[in-house]
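S.K.: build me a structure from this.
(chains A, B, C and D)
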Number of protein chains: 2
Amino acid sequence: MLSIGDLSKRTGVKVPTIRYYEQMGLLSAAERSEGNQRRYERQDLERLAFIRHARDLGLDISAIRELIALSQHPHQPCGNVDRIASEHLKSVRDKIEKLKKLEQELERIVSHCDGDHAIEDCYVIRSLSDHGLCDGEH
Amino acid sequence: MLSIGDLSKRTGVKVPTIRYYEQMGLLSAAERSEGNQRRYERQDLERLAFIRHARDLGLDISAIRELIALSQHPHQPCGNVDRIASEHLKSVRDKIEKLKKLEQELERIVSHCDGDHAIEDCYVIRSLSDHGLCDGEH
DNA sequence: TTAGATATCTCCAGAAACTATAGGTTTGGA
DNA sequence: TCCAAACCTATAGTTTCTGGAGATATCTAA
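M.R.: Purely as a prediction, here's the structure:
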């Protein structure tokens, strides 16, 4: 039996966050010690690792709740699971695209600034003020 | 003189967001009409465009506040301006790296799932549960 | 000029996913 | 047995907005 602190150390999820996940219904309410402290088992460790992993992947809490619910009806076809993951893949790709544009623009802005002239002539400030100096859309 | 609605239409920033920026000290308190409604001038339009552009680039409010403060001392050298933009560029690059790893992992997950078998065999669920199945770190 | 529609005002609450604090109780090791 | 560390609950704060309620102002058309 693990305390909440043990669980935290093993998964890297902070203690208040574990309690928060319980409150959000991602973890079922843990057993309690005589003194009312949470006690966990291996299953809970796995569940929390699942949640953490999914959060790292950027899935939001409702998507994770959905996946957990699906995984508890194991004889259903897994089309929905595939759908959730595919949707998420799309959104990750969108994010990458947007960030790449930002990267280009910031590179361009920074490369014009040698850090050694007066602010009134600074390209960073000028280009932030004037969208017309940008190469692309954003 | 522009109303807050005009300003909103011209910049694409929603009305409550403009008021929020004023509250956060990014926009100075606007002049008021006799009936206490905000009235803006061209300068305010430019300032708001600057803020919007910087937000689009992902700079947070405190960074923007810093840039605005710096831009009000136009004869100082612009090293700090460069620093803020460079730091942000670095964090954008980090995010891109992380998201690319996620993209690969999700691709791998989705490609294993044809949406047509039972959940108990589904690779999505298995690999989310078991971090050991991942290719890389995240 | 006046009625009615639209825009604005302030203040407050909510969304997401935590994080932190306060004040009190339990546990585990010397 | 004692005390520090960990735990408990409840509540508030974080960030960047967004939306609503209820009251007031402004604009337009008749």
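
S.K.: what is the burial count for the residue lying closest to residue A:54 once chain neighbours are set aside?
M.R.: Counting by CB to CB, 6 or more residues apart in numbering or on different chains, residue A:54 lies nearest to residue A:64, which is 4.8 Å off, once chain neighbours are set aside. For glycine as for every other residue, the C-beta is placed from the backbone atoms N, C-alpha and C. Residue A:64 sits with 23 neighbouring residues when counted by other CB atoms under 10 Å in any protein chain shown.

S.K.: what do you get for residue A:10?
M.R.: The local packing of residue A:10 (other CB under 10 Å) involves 13 other residues.

S.K.: export the strand or helix carrying it to PDB, keeping only CA atoms.
M.R.: Secondary-structure assignment from DSSP states H and E places residue A:10 in helix A:4-11. Once side chains and other backbone atoms are set aside, the C-alpha atoms of helix A:4-11 remain, and they are given as PDB (Å, rounded to 0.1, in the frame of the first residue of the first chain):
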ATOM      1  CA  ILE A   4      -0.100   9.700  -1.800                       C
ATOM      2  CA  GLY A   5       3.400  10.900  -1.400                       C
ATOM      3  CA  ASP A   6       4.800   7.500  -2.600                       C
ATOM      4  CA  LEU A   7       2.500   7.700  -5.600                       C
ATOM      5  CA  SER A   8       3.600  11.200  -6.300                       C
ATOM      6  CA  LYS A   9       7.300  10.300  -6.200                       C
ATOM      7  CA  ARG A  10       6.900   7.300  -8.400                       C
ATOM      8  CA  THR A  11       4.800   9.000 -11.100                       C
END
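
S.K.: check contacts around the residue nearest to residue A:54.
M.R.: If you count contacts by CB atoms under 8 Å, 6 or more residues apart in numbering or on different chains, residue A:64 has them with A:26, A:51, A:54, A:55.

S.K.: so it, which of the three states?
M.R.: Residue A:64 carries the three-state label helix when classified by DSSP: H, G, I helix; E, B strand; the rest coil.

S.K.: okay, it and residue A:26: tell me how far apart.
M.R.: 6 Å (CB to CB, to the nearest Å).

S.K.: overlap in contacts, these two.
M.R.: Common neighbours of residue A:64 and residue A:26 (criterion: CB under 8 Å, 6+ apart): residue A:51.

S.K.: phi, psi of the closest residue to DNA strand C within chain A?
M.R.: For chain A and DNA strand C, the shortest gap (CB to the nearest atom of the strand) falls at residue A:35, measuring 1.9 Å. For residue A:35, the backbone dihedrals are phi -90, psi 20 (criterion: degrees, to the nearest 10).

S.K.: show me what residue A:40 is bridged to.
M.R.: On the basis of DSSP bridges, residue A:40 takes part in beta bridges with residue A:2.

S.K.: spell out which residues make up each domain of chain A.
M.R.: Structural domains of chain A, as assigned by automatic domain parsing, span the residue ranges A:4-71, A:79-133.

S.K.: run the chain-centre distance for the first one.
M.R.: If I follow you right, that is domain A:4-71. Computed by CA atoms, centre = their mean, to the nearest Å, the separation of domain A:4-71 from the middle of its chain amounts to 15 Å.

S.K.: tell me the residues of chain A that contact DNA strand C?
M.R.: By the criterion of CB under 7 Å from any atom of the strand, the positions of chain A lying close to DNA strand C are A:3, A:14, A:16-17, A:20, A:33-37, A:55, A:60-62.

S.K.: hmm, who's touching stretch A:42-51?
M.R.: For stretch A:42-51, with CB under 8 Å, 6+ apart as the criterion, the contacting residues are A:2, A:7, A:10-11, A:13, A:18, A:21, A:26-27, A:30, A:64, A:68, B:128-129, B:131.

S.K.: do that stretch and DNA strand D come into contact?
M.R.: No: against DNA strand D, stretch A:42-51 shows no contacts by CB under 7 Å from any atom of the strand, the least distance being 12.1 Å.

S.K.: what of stretch A:86-101?
M.R.: No: under the criterion of CB under 7 Å from any atom of the strand, DNA strand D is not reached by stretch A:86-101; the shortest gap measures 14.7 Å.
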